[in-house]
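Undergrad: just the structure for this:
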Amino acid sequence: MRLYESVFIARQDISIVQVEAMADEFTGIIKSTGGSVQKREYWGLRSLAYRIKKNRKGHYMMFNFETDSETLKEYERVMGLNEDVLRYLNMRIEKVEEGPSIIMQSKNERPSRGPRDGGRDDDREEASNGSAMPNGDDGAIQSIEE
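TA: Below is the predicted model:
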């Protein structure tokens, strides 16, 4: 048996309970043939980079599991038939990483934001009338002669 990592995106308008039920169904497919699920993470409702089937957000779920290729084909077939699954990606991996995934680490360990700058650039100088022009330019239009 081989190790795989699988991520799927579910529609935004279903509840977290429904996403967990789908994940249980997919886990059942893996376990029914003697496979095992080592890790399961719900990454939350996240914005998509572009609209997929009229959805702007999606529920992300990640699995790390060990199974054979025939079970993986059945798993992919069921995911493809499920109307609530927008996209999925399955990859073969060498080993399962211990601890939370990178996505979960970034959620838990976000640094606090520092104070914002005043929004001024150092290379701007204030004109005598109080307006700021880059590099001390008075804003006059200059013609370029060739």
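Undergrad: flag the helix or strand of the protein with the lowest per-element mean pLDDT.
TA: The helix or strand of the chain with the poorest confidence is strand 124-126; it has a mean of 49 (mean pLDDT, DSSP states H and E).
Undergrad: just the mean pLDDT for the top strand by length along the chain, thanks.
TA: When the chain is parsed with DSSP state E, its longest strand is strand 36-52. On average, the pLDDT along strand 36-52 is 90.
Undergrad: and the contacts of that strand?
TA: 3, 9, 12, 16, 19-20, 23, 27, 30-31, 55-67, 86-87, 96, 100-101, 103-104, 107 (Cβ atoms under 8 Å, 6 or more residues apart in numbering). Bear in mind the C-beta positions are built from the backbone N, C-alpha and C, glycine included.
Undergrad: these in strands, which ones?
TA: Using DSSP E, the contacts of strand 36-52 in strands are 3, 9, 55-67, 86-87.
Undergrad: burial check on Phe63, number of neighbours?
TA: For Phe63, the neighbour count with other Cβ atoms under 10 Å is 20.
Undergrad: let me redo that: Ile14
TA: Neighbours of Ile14 under the rule other Cβ under 10 Å: 14.
Undergrad: which SS state does it fall under?
TA: What DSSP: H, G, I helix; E, B strand; the rest coil gives for Ile14 is coil.
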